[in-house]
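> Structural data only, the sequence is not supplied:
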């Protein structure tokens, strides 16, 4: 009887030991899952990314921002289209994470502690109303038109009528690029100086006598892009350099100021090989 009791006690002790062992293992496993889950959550980047600047970059930044948020549902991406000069100032003053400029940084801007990373290259299209019979202008003629030396469309193969010069406001990257390439800095006789690419396109679309310039990526069927020196503006002619009126699209950051985890994630995404196709779909040429 005592022997039977000893056997039973032994069985119970063994069972209890096994039960406790399983319980411990279960708790350890649960603890590990919790820790892993916590680690995974810590690794998931959340927050926001604020960009500010060039209105010409609206198309490409819109495409990149949308794709980025699809891949990172915990991050909010914002774009403030204020113009290149304003975007450069905003990042310099810490009012945004990444500035957007449709021109290269000037030496004094670099010396102030800013860094540029070229995202893409974009053509600056010279645009007219679709009713205008003119299809091609050379660089010299474009410069003469914008400086007021040529004032009537009949001087360049168009109908009789005053040429209405439309341009961008001071500080615009598109204006800076157009004027520096055509050699018309501080000499353009603008009738109107507008504050966005969209405004230029809308104005030219509504005036048969107007001529303007705008980001090639933003040009729609409402206006006609002229060929320059016989070369039609396109992604291919920008890429091979045969279309000469082109400029960079630049991401601007501040030296010594570390990007937030979410902003760094976007910066890496936008400059990665995987973004090349997205950039191309936006109508510009990826720098990579």
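That came in fine, so what should we check first? A quick note: this is a predicted structure, and the numbers were derived from the prediction, not measured.
> Just give me the neighbour total for the residue lying closest to residue 192 once chain neighbours are set aside.
The spatial neighbour of residue 192 that comes closest, neighbours along the chain excluded (C-beta to C-beta, 6 or more residues apart in numbering), is residue 166 at 5.3 Å. C-beta coordinates here come from the backbone N, C-alpha and C atoms, glycine included. As a burial measure, residue 166 scores 22 neighbours (other C-beta atoms under 10 Å).
> quick one: pLDDT of residue 25?
In the predicted model, residue 25 carries a pLDDT score of 38.
> what about residue 286, distance to residue 237?
Going from residue 286 to residue 237 by C-beta to C-beta, to the nearest Å gives 16 Å.
> Please say which of these two ends up with more neighbours.
For residue 286 versus residue 237, neighbours defined as other C-beta under 10 Å are more numerous around residue 286 (22 against 19).
> Would you agree that one is in contact with residue 280?
Yes - Residue 286 is within contact range of residue 280, at 6.2 Å (criterion: C-beta atoms under 8 Å).
> low-scoring stretches of the stretch 1-150 of the chain, by residue?
For the stretch 1-150 of the chain, the stretches flagged by pLDDT under 70 are 1-42.
> quick one, helices of it?
If you assign secondary structure with DSSP state H, counting those that start in this stretch, the helices in the stretch 1-150 of the chain sit at 2-43, 58-71, 84-92, 107-111, 139-146.
> To which secondary structure element is the residue nearest to residue 192 assigned?
Residue 166 belongs to strand 164-168 when elements are defined using DSSP states H and E.
> In terms of secondary structure, what does whatever helix or strand comes next after that strand contact?
Next helix or strand after strand 164-168 toward the C-terminus (DSSP H and E): helix 173-182. Packing contacts for helix 173-182, counted by 3 or more C-beta pairs under 8 Å, 6 or more residues apart in numbering; DSSP states H and E, involve helix 84-92, strand 114-128, helix 139-146, strand 164-168, strand 210-215, strand 246-254.
> quick one: pLDDT of the residue nearest to residue 192?
Residue 166 carries a pLDDT value of 98.
> Same check on residue 218?
The per-residue pLDDT reported for residue 218 equals 93.
> so residue 83 touches residue 173, yeah?
Yes - assessed by C-beta under 8 Å, residue 83 is found in contact with residue 173 at 7.3 Å.
> between those two, what contacts are shared?
53, 54 (C-beta atoms under 8 Å, 6 or more residues apart in numbering).
> What's the local residue count around residue 236?
Residue 236 sits with 11 neighbouring residues when counted by other C-beta under 10 Å.
> Over to the one 5 residues further on?
Applying other C-beta under 10 Å, we find 10 other residues in the vicinity of residue 241.
> Could you pull up the residues touching it?
Taking C-beta under 8 Å, 6+ apart as the criterion, residue 241 is in contact with no other residue.
> helix or strand for it, which one?
Assigned by DSSP H and E, residue 241 belongs to neither a helix nor a strand.
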